[in-house]
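**Student:** Using only what follows, build the 3D model:
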Amino acid sequence: MYICKDAFNLLTWIAVWLALVILAEGCSSGAGQPTGPVPVPEVAAVTVQPQRVELTTELPGRTSPFLVAEIRPQVNGIIKKREFREGSDVKAGQLLYQIDPAPFQVALDSAGASLSKARANLPSVQLKAERCRELLNDKAVSKQDYDDAAAALAQAKADIEYWQSAVAAARINLGYTRVTAPISGRIGKSSVTDGALVTAYQPTSLATIQQLDPIYVDVTQSSAELLRLRRSLEAGRLSNDGKNGRKVRILLEDGTPYTLEGALQFRDVTVDQATGSFTLRIVVPNPQHVLLPGMYVRALLQEGVAEQAILIPQQGVNRNPKGEPFALVVDEKGLVQQKPLSLSRALGDQWLVSAGLSPGERVIVEGSLNVRPGAAVKVVPWERPQDRSKAANPNRPAVAGN
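**Tutor:** Okay, here's the model as predicted:
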């Protein structure tokens, strides 16, 4: 019985082995049969065409008021009345504070009275001096008497000049009791109220006026960027646009573009030793007071114009293990070639190529993972994703910002 069981197991293993051998022979015989020609991979490519491109650089910056005036009193006194509303717009010459004028009016009246007294004393002193001069010629008075009369006349004239100056100073001080706005702009909060004591030229300002239209935007640029720009201009890769070169576009803090363009006013001549950068000042119209002092913004400045710029989509640029960029191009024979690139900068979804490509070359944008240098490919025109979406939905309304 045990012999029969062993024989049955042996027969079972033999049957399994024969089935595996037959299956293996069938697979090997099928692999040797011809399967037809290998299909040529299809790739999407763009043809390199030089184009005119305006190159801009984006720089961070802060806004600052066009004019700033800190209001301080020029005489001592008590604030009698505040004549403005905090946070409102004021005009140059508008009354802001009224300091009690009573003591200054008294000083002006006193100086005026002293001036009148000095003027009233002048005629008699002058006549006495003239008589002494005539009598001196006849030797009827001594030389000392004449000198005393002449000195009295000179002193009377000096008294008049002194009190004239005193009247002018008292009138100026009386005018200083009216604290007016030196510039037009928006005034901030007041640091004093009615009845407060103020002193002349005190360190704490009464209020601050800032002119916001136009407004300054101060941005910083590295000195290395400036040197790179100058080399590009000298080499002829860029050209100046005298008409639009000074125009600047502004991006607000949330990334939305500001509606009005600014103008580059000047570049600072000193580089900050700590940061290696210098300041550029831009004047921006601000009629609606959208820009406020201290606001963070970004400025788009035009560096120049590249007349023969080569742009390719970013997905058409690959990198080797060393991180060096290259592109796969299709030559005239339909074969894939690898070309190293020198990239300048990214412009939206494209790379600006400074070296490595020539006009008319076809750069593979899609399908590069399925091909290798030297392989034959079939080239089809590449379409941008937004063009495909527009073709698929021709009746779709346009979305702002696209």
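**Student:** who touches Phe326 in this structure?
**Tutor:** Counting by CB atoms under 8 Å, 6 or more residues apart in numbering, Phe326 touches Val317, Asn318, Arg319, Asn320, Gln338, Lys339, Pro340, Leu341, Gly356. C-beta here means a position set from N, CA and C on the backbone, and glycine is covered the same way.
**Student:** List only buried entries from these.
**Tutor:** Val317, Leu341, Gly356 (16 or more other CB atoms under 10 Å).
**Student:** can I get those in a markdown table with secondary structure?
**Tutor:** Putting those into a markdown table (DSSP: H, G, I helix; E, B strand; the rest coil) gives the following:
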| residue | secondary structure |
| --- | --- |
| Val317 | coil |
| Leu341 | coil |
| Gly356 | coil |
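**Student:** can you redo the residues you listed as JSON lines with pLDDT and distance to Glu366?
**Tutor:** Shown next, in JSON lines, are the buried ones among the contacts of Phe326 (pLDDT from 0 to 100; distance: CB to CB, whole Å):
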{"residue": "Val317", "pLDDT": "88", "distance to Glu366": "13"}
{"residue": "Leu341", "pLDDT": "88", "distance to Glu366": "18"}
{"residue": "Gly356", "pLDDT": "83", "distance to Glu366": "20"}
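**Student:** Just the closest of those residues to Thr259, please.
**Tutor:** Distance to Thr259 across these (CB to CB) is lowest for Val317, with 35.0 Å.
**Student:** Please report the distance of the closest one from Val329.
**Tutor:** 12 Å (CB to CB, to the nearest Å).
**Student:** cool, and Ile183?
**Tutor:** In terms of CB to CB, Ile183 sits 62 Å off from Val329.
**Student:** Equivalent analysis for Thr220, please.
**Tutor:** For Thr220, the distance to Val329 - CB to CB - is 40 Å.
**Student:** Glu58 now?
**Tutor:** In terms of CB to CB, Glu58 sits 31 Å off from Val329.
**Student:** do Val141 as well
**Tutor:** Counting by CB to CB, the gap from Val141 to Val329 is 119 Å.
**Student:** Show me which of those two is the more surrounded one.
**Tutor:** Between Val141 and Val329, counting by other CB atoms under 10 Å, Val329 is the more crowded of the two (21 against 17).
**Student:** so is Lys128 in a helix, a strand, or just coil?
**Tutor:** Here Lys128 is recorded as helix under three-state DSSP.
**Student:** Tell me how many other residues crowd it.
**Tutor:** Neighbour count for Lys128, taken as other CB under 10 Å: 16.
**Student:** who's in contact with it?
**Tutor:** By CB under 8 Å, 6+ apart, the contact list for Lys128 reads Ala149, Ala152, Leu153.
**Student:** could you pull out the helices for this protein?
**Tutor:** Residue ranges of the helices in the chain, as given by DSSP state H, are 2-31, 102-137, 143-176, 223-235, 385-392.
**Student:** Neighbours of Val207, how many?
**Tutor:** No Val there; residue 207 is Ala. Ala207 has 22 neighbours, counted by other CB under 10 Å.
**Student:** One more: Ser190?
**Tutor:** 20.
**Student:** Not counting its neighbours along the chain, what's nearest it?
**Tutor:** Closest residue to Ser190 apart from its sequence neighbours, by CB to CB, 6 or more residues apart in numbering: Ala207 at 5.0 Å.
**Student:** if I look at that neighbour, how far off is Asp194?
**Tutor:** Look at Ala207 and Asp194: by CB to CB, they are 14 Å apart.
**Student:** can you check Thr256 too?
**Tutor:** Distance, Thr256 to Asp194, by CB to CB: 43 Å.
**Student:** got it, and Gln74?
**Tutor:** Separation of Gln74 from Asp194 (CB to CB): 19 Å.
**Student:** now do Pro359
**Tutor:** As defined by CB to CB, Pro359 lies at a distance of 77 Å from Asp194.
**Student:** what bridges to the closest residue to Pro60 other than its chain neighbours?
**Tutor:** Of all residues not flanking Pro60 in the chain, Arg298 sits nearest, at 5.6 Å (CB to CB, 6+ apart). Counting by DSSP bridges, Arg298 forms beta bridges with Pro60, Leu251.
**Student:** hang on, isn't Arg298 packed against Thr57?
**Tutor:** No. Counting by CB atoms under 8 Å, Arg298 does not reach Thr57; the two are 10.3 Å apart.
**Student:** Neighbour count for these two, which is higher?
**Tutor:** Arg298 (18 against 14).
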